[in-house]
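S.K.: predicted model, plus sequence, below.
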Amino acid sequence: MRRAVYPGSFDPIHNGHLEVIARAAGLFDELIVAVSTNYSKKYRFSLDERLEMAKSAFASLRGISIEPMGEGLLAEYCHDRGASAIIKGLRSSSDFDYELPMATMNRQLSGVETVFLPAESRYQHLSSTMIKEVATLGGDVSDFVPKAVLKRLLAGAPRPDSPGGH
Ligand code: ADP
C-alpha cells in the first residue's frame, strides 16, 4: 500500500491544487489531503470551512481522504499515517528553492520522500492569496475554483453598488 500526503493550507482550495491531487491520486494507492493550521497565520476561512470546501470539490473520494493536519511536524504526521511520500506542487523556481530544504529535512527526520509535481500551465499563476484578492475586488475567478469555493468567495465580496465597490 503506497500512501502519500499532500499538505497545504487550502485557504481556499483551487483548481491548481485539484489538478495536483488528481495526478497524485493516480500515482499512489491512497492520498491524504492534509489541511494545516498554523496558529501564527491569519486565514480567511476557518479549518472547518477549508475542510468542507475541499471535500465538496470531489464527486467521489475514492483513494483520497481529506483530514485536518494540526500544527505538528509534517514528518511526524507522515510517519504516524504510514505515508512514504509528501506531494508538493511546483509553480516556479522560487517554489522549488523554498521546498528543497524542507524536503531534505523531512527525509532526514523520518525517511519520507517528497515528490514534486510541476503545476499545470493553465494554473501555474494561481495561488489562494491571488484568488482571494481578485475575488475581493470583484474579479471573476470562476475558472479557477470549484463551485463551493466560488459561492463562499462571492458571499464575502463587495456588491457592485456597495460603497467601495465597482
Ligand atoms: P497557496 O495556494 O496559497 O500557495 P497552499 O499552502 O494551500 O498555498 O498550497 C499547498 C500546495 O499546493 C503546495 O505544495 C503548493 O506549492 C501547491 N500549489 C499551490 N498552488 C498551486 C498551483 N497553482 N499549481 C500547482 N500546485 C500548487
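M.R.: Right, received. Where do you want to start?
S.K.: work out the gap between the longest helix along the chain and the centre of the chain.
M.R.: Counting by DSSP state H, the longest helix found in the chain is helix 93-110. Chain-centre distance of helix 93-110: 17 Å, with Cα atoms, centre = their mean, to the nearest Å.
S.K.: repeat that for stretch 101-119.
M.R.: So, by Cα atoms, centre = their mean, the centroid of stretch 101-119 is 17 Å from its chain's centroid.
S.K.: kindly report the residues of this structure close to the ligand.
M.R.: 8-10, 16-17, 20, 88-89, 91, 95, 119, 123, 126-129 (Cβ under 6 Å from any ligand atom). Backbone N, C-alpha and C define where each C-beta goes, glycine included.
S.K.: just the ones of the residues you listed in helices?
M.R.: 16-17, 20, 95, 128-129.
S.K.: now the two most distant members of those residues.
M.R.: 20 and 129 (17.0 Å; Cβ to Cβ).
S.K.: between those two, tell me which one has more neighbours.
M.R.: Between residue 20 and residue 129, counted using other Cβ atoms under 10 Å, the more crowded position is residue 20 (23 against 10).
S.K.: quick one: contacts for that one?
M.R.: Residues near residue 20 by Cβ atoms under 8 Å, 6 or more residues apart in numbering: 6, 87, 89, 117, 119.
S.K.: these in strands, which ones?
M.R.: 6, 87, 89, 117 (DSSP state E).
S.K.: can you tell me which of the residues you listed is nearest residue 66?
M.R.: Closest to residue 66, out of all of those and judged by Cβ to Cβ, is residue 6, at 9.7 Å.
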